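S.K.: what would the 3D arrangement of this be:
(2 chains)
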Amino acid sequence: MSTANQSLIEDIAKGNFPENVLRNAAPAVLYEEAVRFDNAMIVSSGAVAVSSGEKQAAAPKTNVSLNKLRSKTTFGGAT
Amino acid sequence: MGRREHRDGRSVVSAAEKQATDYLDGCERLYVLDAFAGWDPKHRLKVRIICTRAYHALFMHNMLIRPTNEELANFGEPDYVIYNAGCCAADTTIPGVKTGTSISLNFEAGEMIILGTEYAGEMKKGVFTIMNYLMPKNGVLSMHCSCNQGAKGDVSLFFGLSGTGKTTLSADPQRPLIGDDEHCWTENGVFNIEGGCYAKCINLSAEKEAEIFNAIRFGSVLENTVQDPKTREVDFDDDSLTQNTRCSYPIEFIENAKIPCTAGHPKNIILLTCDAFGVLPPVSKLTPEQAMYHFISGYTAKVAGTEMGVTEPQTTFSACFGAAFLVWHPAKYAELLATKMQEYGTHAWLVNTGWSGGAYGKGSRMSLKHTRSIIDAIHDGSLAHSAYQTDPIFGFSIPTSCPHVPSEILYPKNAWSDAEAYQVMAVKLASQFIGNFKQYESGASDAIRNAGPTV
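M.R.: You can find the predicted model right below:
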């Protein structure tokens, strides 16, 4: 484990996971993280309840960009 | 319709990527989740999620296929990386980015960038879109459908838009569940893309949907539900945050799930539609060409809810029953479907779970009991042996009898009290099919074009 890079993303890309990057944490750990840092609530059945904030459904298609350079075909004559 | 490819897609993606990675680099804590998409080892993708919210990591832990410790140790380079910077609004000065929400997929670089939305479903949808891009290149059909398997190993696929019964009808105590939402059809059969489910939970109850209700336990993630602050009991009827309350859980939380989530070649394909005009028969048999036509059309109707004065249902067409996730022309998916159906002798059925004996407001809603009897008759082979008559407008074959279903509702014209009114409505619906299909005509073969209704 190294934190030599300034960039967490670069570290992750190289397969280094510093202490503040949790890789494949167990559900129990993610529960604790969600409660501590993410306003999560554990409900009576044992599930964890969270809010997704302002957006509560899929974004409209106009907010989606696709980039597939080698292929010219687009779906349905997109404009 | 479908996802847009901006003319400047390349610059949108790279600018969004820079913004997202800068944001993630500035965070004090990050979560990484490495897992697989696709239960077939030959076709599975290695997916990495990098996110700032613990629940997003747990969500994808549930939705993807969880690696063993050994698989995780040898994971190596992921095929796709999802950078979820959803807490950070997209920079609208980037050309092509019009609002604070931006989702971009860079297939070449193997990246997905999320900005300005924390809705966890975006990650799941992104993985499906990637599969819709990659799979057809290798002759594999990716499909927005549910799947189950009978005792004799016979496999059924259920296609259908929201509200048509895709989840309800695939949850069958007699038939183990392969998956409820996303599958691929390869040379070896069907595999589920996902390792979990993302179920709607509005008005959920133990009585109505026991399987889902019982899956909401330790490890499951509830999104935007409301719970009692003291007892922490979930009020599934509370839609004060959204109607779209959701729960994600690993598929093994469903008792009747078949693990691993793979199956043989489908014997039956069931296209579900909720026809609020009462025109389509409760069940009809489709030729491979008709199956392609109806698959490309992706028809259902939406019924006006509680809105005052609105009584007219609205037609909805969504290509391949999932236009929002397609990458290629719908004909590409439809041709793969037809090729595979012909190769493996798959039967296709159009099942109307909507209205019978008249349109919404006049006729009656098809009973779930009758629809289940129809599905059972498809599965036990009795429907395939019925006598049939051809529908003069739509051209498909309507069975004259089906066990446990009254014969008079099988042929819609007979079910309506006014045969002329039926004719008018049928022509109206057929015209809408024809109008919708015009956009696909250039990419569709003569065989598909001729398999539609004629008026």
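S.K.: for chain A, longest helix please?
M.R.: helix A:27-37 (DSSP state H).
S.K.: tell me the confidence at residue B:434?
M.R.: Predicted confidence (pLDDT) for residue B:434: 97.
S.K.: one step back: tell me which other helices or strands the longest helix of chain A touches.
M.R.: strand A:21-23, strand A:41-42, strand A:48-50, helix B:54-63 (3 or more CB pairs under 8 Å, 6 or more residues apart in numbering or on different chains; DSSP states H and E). C-betas here are computed from N, CA, C, even on glycine.
S.K.: so how far is residue B:147 from the residue nearest to residue B:262 when sequence neighbours are not counted?
M.R.: Nearest residue to residue B:262, sequence neighbours excluded (CB to CB, 6 or more residues apart in numbering or on different chains): residue B:191, at 4.6 Å. Distance of residue B:191 to residue B:147, computed by CB to CB, to the nearest Å: 9 Å.
S.K.: shared neighbours, these two?
M.R.: B:183, B:263 (CB atoms under 8 Å, 6 or more residues apart in numbering or on different chains).
S.K.: closest to residue B:258 out of the helices and strands packed on helix A:27-37?
M.R.: Between residue B:258 and the helices and strands packed on helix A:27-37, the shortest gap by CB to CB is with helix B:54-63, which sits at 17.8 Å.
S.K.: next structured bit after the closest one?
M.R.: The element immediately downstream of helix B:54-63 (helix or strand, assigned by DSSP states H and E) is helix B:69-73.
S.K.: and among the helices and strands packed on helix A:27-37, the most buried is which?
M.R.: Neighbour counts (mean count of other CB atoms under 10 Å in any protein chain shown) averaged over each of the helices and strands packed on helix A:27-37 peak at helix B:54-63, with a mean of 28.
S.K.: so what's residue B:64 up against?
M.R.: B:33, B:35, B:36, B:37, B:47, B:127, B:194, B:195, B:196.
S.K.: skipping adjacent residues, who's closest to the fourth one in space?
M.R.: Nearest residue to residue B:37 in three dimensions, chain neighbours excluded: residue B:45, at 4.5 Å (CB to CB, 6+ apart).
S.K.: what's the neighbour count on the one you found?
M.R.: By other CB atoms under 10 Å in any protein chain shown, 20 other residues sit near residue B:45.
S.K.: with residue B:93 instead?
M.R.: 7.
S.K.: need the three-state assignment for it.
M.R.: Three-state call for residue B:93 (DSSP: H, G, I helix; E, B strand; the rest coil): coil.
S.K.: got a pLDDT number for it?
M.R.: So, for residue B:93, pLDDT stands at 89.
S.K.: so in chain B, which helix runs the longest?
M.R.: Identified as the longest helix of chain B according to DSSP H is helix B:419-437.
S.K.: what about stretch B:209-223, average pLDDT?
M.R.: 95.
S.K.: render the CA-only coordinates of it in CSV, please.
M.R.: Extracted as CSV, the C-alpha positions of stretch B:209-223 are listed here (Å, rounded to 0.1, in the frame of the first residue of the first chain):
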residue,chain,number,x,y,z
GLU,B,209,-45.2,-9.7,-2.8
ALA,B,210,-43.8,-12.0,-0.1
GLU,B,211,-40.5,-12.7,-2.0
ILE,B,212,-39.5,-9.1,-2.3
PHE,B,213,-40.8,-8.2,1.2
ASN,B,214,-38.7,-10.9,2.8
ALA,B,215,-35.6,-9.9,0.8
ILE,B,216,-35.5,-6.5,2.6
ARG,B,217,-33.2,-7.5,5.4
PHE,B,218,-29.6,-7.0,6.5
GLY,B,219,-27.5,-6.1,3.5
SER,B,220,-30.4,-4.6,1.5
VAL,B,221,-30.4,-1.0,0.6
LEU,B,222,-33.6,1.0,0.8
GLU,B,223,-33.5,4.2,-1.3
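S.K.: pull the distance from it to the chain's centre.
M.R.: Chain-centre distance of stretch B:209-223: 20 Å, with CA atoms, centre = their mean, to the nearest Å.
S.K.: and the closest residue to residue B:237 other than its chain neighbours, how far is that from residue B:210?
M.R.: Of all residues not flanking residue B:237 in the chain, residue B:203 sits nearest, at 5.7 Å (CB to CB, 6+ apart). According to CB to CB, residue B:203 stands 14 Å off from residue B:210.
S.K.: how about the contacts made by residue A:22?
M.R.: A:29, A:30, A:33, B:29, B:30, B:31, B:32, B:54, B:57.
S.K.: likewise residue B:125?
M.R.: A:58, B:324, B:325.
S.K.: my read: the first one touches residue B:324, true?
M.R.: Yes. With contact defined as CB atoms under 8 Å, residue A:58 reaches residue B:324; the gap is 7.3 Å.
S.K.: for chain A, give me the ranges with low pLDDT.
M.R.: A:1-5, A:68-79 (pLDDT under 70).
S.K.: quick check on residue B:107: phi, psi?
M.R.: For residue B:107, the backbone dihedrals (degrees, to the nearest 10) come out as phi -70, psi -40.
S.K.: now swap in the one 5 residues further on and tell me
M.R.: The phi and psi torsions at residue B:112 (degrees, to the nearest 10) take the values phi -130, psi 140.
S.K.: just to revisit the earlier point, dump the helices and strands packed on helix A:27-37 into a markdown table; add distance to residue A:12 as well.
M.R.: Conversion of the helices and strands packed on helix A:27-37 to a markdown table gives the following (distance: least, CB to CB, whole Å):
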| stretch | distance to residue A:12 |
| --- | --- |
| strand A:21-23 | 6 |
| strand A:41-42 | 29 |
| strand A:48-50 | 23 |
| helix B:54-63 | 13 |
